[in-house]
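>>> Predicted structure and sequence below. I'll ask about it afterward.
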Amino acid sequence: MFSFMFLLLIVPHPTLLSSIYEAVITPQDPVLRMGSSLTASCKLSPELGLLSSTLYWTLNGERLPSSTYSVVTPDTLSVTLHRLNGSRQQSGDNLVCHRANGHVLAGSCLYVGMPPGKPVNLTCWSRNTKDLTCRWSPGGPGETHIQTKYSLRYKLRWYGTEKECENHSAEKQQYSCNIPRNLALFTPYEIWVEAANQLGSATSDVTILDILDVVTTDPPDDVQVSRVGDLEDQLTVRWASPPELKDILFKAKYQIRYRLEDSSEWKVVDDAGNQTSCRLAGLQPRTIYFVQVRCNPVGIFGSRKAGIWSDWSHPAAASTPSSERMQSRSCDTKQNSTLRRELKQFFGWLRKHTYGHSGVSIKLYDQWRVWLQKTHKTHNQIPQDYNS
């Protein structure tokens with residue numbers, strides 16, 4: 001009695017056998033290059049009592065034409081596919097063998113793609129010397145159509161142990177990785193990218209860099225824009241140095257850009273230097289301007305290379321005062337003569353108001369500009385006091 005029960009336990013039920021082994025597709029889950037051909041066969045289980053001539057094939061749910069079929073034996077039907085395109089999804093294309101009534105007998109995944117190209121354009125930057133982020137581009141055509149693993153690898157140039165960056169970007173098509181900690185600041189690194197899939201592998205050129213040469217920082221804080229008294233064509237911009245670098249030896253270089261409220265075109269001021277304020281001149285009166293500032297930390301701990309520009313700060317805005325006079329916008333010979341008169345006028349005013357002083361303050365220039373814009377005769381005649 002015991003032996004009989006044991007046999008019942010180890011021998012599968014015929015119905016279970018037929019559901020598991022209805023058919024087998026060969027080859028199973030092949031990996032193929034784009035443009036190649038494939039012949040696959042669907043072999044029926046003898047217990048089904050079906051003829052292979054009654055079957056049909058689908059690829060990704062679409063029925064394949066019968067002209068691609070071939071009855072190999074009464075229980076085996078093959079299909080031949082030419083000039084295969086890349087897989088629609090990295091999980092593979094679904095090649096399925098069906099009964100005449102649509103019932104699925106067996107399936108196989110096709111992985112059609114290309115080996116990875118040599119990764120290129122490897123660039124890296126360190127935010128505040130605390131981490132290192134690298135980005136690259138896939139080589140060759142780029143899209144491999146099958147799952148490809150990219151690994152950023154690095155080591156200290158002369159004696160380090162090879163390591164792999166594990167914090168890869170989760171965003172699709174973002175080929176980047178971040179090393180968040182434990183970086184050496186005064187020893188160069190060797191960094192490269194390895195790409196591999198089931199069809200091949202490739203390695204980028206090795207990049208050698210020192211963390212101190214690729215430092216960037218957060219944008220400047222507390223950007224403020226304000227009027228310069230009643231001057232209708234000027235604004236003052238002030239900002240704070242990035243606090244993350246306050247304890248590091250460096251010389252900041254700043255850049256400013258500004259635009260009109262109703263314009264998308266930015267004008268850039270490259271010569272802001274290492275000051276934390278700047279005056280914008282030659283602006284339009286009674287106009288709102290948006291202003292942004294960014295920072296380049298130059299010479300971190302004595303590095304001879306320029307740093308990397310930060311992102312732009314959040315925009316700040318201010319408006320210039322309104323003008324009480326018409327402004328000429330044309331570029332002609334009359335404007336040149338007007339400019340000469342105004343320069344002569346300014347120097348005469350300067351001699352009168354700075355007599356006996358060794359230096360000229362910017363406030364004197366501001367006073368003259370305020371006086372000038374309120375003078376209705378500025379573009380038409382020169383006051384008699386300065387005609388000599």
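Done, it's in.
>>> For the rest of this, base every contact and every neighbour count on C-alpha atoms.
Noted.
>>> three-state assignment of Thr123?
strand (DSSP: H, G, I helix; E, B strand; the rest coil).
>>> quick one, what contacts it?
Thr123 makes contacts with Cys134, Arg135, Trp136, as judged by Cα atoms under 8 Å, 6 or more residues apart in numbering.
>>> Just give me the closest of those to His82.
Of all these, His82 sits closest to Trp136, with 34.2 Å by Cα to Cα.
>>> how deep is that closest one tucked in, by neighbour count?
Trp136: 20 surrounding residues under other Cα atoms under 10 Å.
>>> on that earlier part again, so can I have JSON lines of the contacts of Thr123 showing secondary structure?
Shown next, in JSON lines, are those (three-state DSSP):
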{"residue": "Cys134", "secondary structure": "strand"}
{"residue": "Arg135", "secondary structure": "strand"}
{"residue": "Trp136", "secondary structure": "strand"}
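>>> now, among the residues you listed, which is nearest to Gly200?
Minimum distance to Gly200 across the contacts of Thr123 is 18.9 Å, recorded for Trp136 (Cα to Cα).
>>> Tyr175 is in contact with that closest one, correct?
Yes: here Trp136 reaches Tyr175: they are 5.7 Å apart, a contact under Cα atoms under 8 Å.
>>> mind listing the strands for the stretch 101-250 of the chain?
104-113, 117-127, 132-139, 149-156, 163-164, 167-168, 176-179, 189-197, 200-203, 207-209, 215-216, 221-227, 235-240 (DSSP state E, counting those that start in this stretch).
>>> And stretch 44-54, how far out from the chain middle?
55 Å (Cα atoms, centre = their mean, to the nearest Å).
>>> Buried residues in it, which are they?
For stretch 44-54, burial by neighbour count (16 or more other Cα atoms under 10 Å) applies to Leu44, Ser45, Leu51, Ser52, Ser53.
>>> Now Asn178: closest residue in space, sequence neighbours ignored.
Thr133 (4.3 Å; Cα to Cα, 6 or more residues apart in numbering).
>>> go on, Arg181?
Nearest to Arg181 is Asp131, by Cα to Cα, 6+ apart, at 5.4 Å.
>>> With Cys177 as the reference, measure out to the one you found.
Using Cα to Cα, to the nearest Å, Asp131 is found at 11 Å from Cys177.
>>> These two: which has the busier surroundings?
Cys177 (23 against 16).
>>> Bridged to that one, which residues?
Cys134, His168 (DSSP bridges).
>>> surely it meets Thr133?
Yes: between Cys177 and Thr133 a contact is recorded at 5.8 Å, counting by Cα under 8 Å.
>>> re the thing from before, contacting residues for the residue nearest to Asn178?
Thr133 neighbours (Cα under 8 Å, 6+ apart): Cys124, Trp125, Ser126, Ser176, Cys177, Asn178, Ile179.
>>> can you check Asp218 too?
Applying Cα under 8 Å, 6+ apart, the residues near Asp218 are Arg127, Asn128, Pro242, Glu244, Cys295, Ser310, Asp311.
>>> could those residues go into a markdown table alongside distance to Ala23 and neighbour count?
Shown next, in a markdown table, are the contacts of Asp218 (distance: Cα to Cα, whole Å; neighbours: other Cα atoms under 10 Å):
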| residue | distance to Ala23 | neighbour count |
| --- | --- | --- |
| Arg127 | 58 | 19 |
| Asn128 | 61 | 21 |
| Pro242 | 67 | 18 |
| Glu244 | 65 | 13 |
| Cys295 | 66 | 26 |
| Ser310 | 61 | 20 |
| Asp311 | 59 | 16 |
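>>> Of all pairs in these, which one is the farthest apart?
Every pair of the contacts of Asp218 checked by Cα to Cα; the farthest is Glu244 and Asp311, at 14.4 Å.
>>> can you redo the contacts of Asp218 as JSON lines with distance to Cys109?
As requested, the contacts of Asp218 are arranged in JSON lines below (distance: Cα to Cα, whole Å):
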{"residue": "Arg127", "distance to Cys109": "44"}
{"residue": "Asn128", "distance to Cys109": "47"}
{"residue": "Pro242", "distance to Cys109": "53"}
{"residue": "Glu244", "distance to Cys109": "52"}
{"residue": "Cys295", "distance to Cys109": "52"}
{"residue": "Ser310", "distance to Cys109": "46"}
{"residue": "Asp311", "distance to Cys109": "45"}
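>>> Among those, which one lies nearest to Gln198?
Comparing the contacts of Asp218 against Gln198 with Cα to Cα places Arg127 closest, at 35.7 Å.
>>> ok, that closest one to His168 distance?
Taken as Cα to Cα, the span from Arg127 to His168 is 17 Å.
>>> Also Ser201?
Between Ser201 and His168 the computed distance is 19 Å (Cα to Cα).
>>> same deal with Val112?
For Val112, the distance to His168 - Cα to Cα - is 25 Å.
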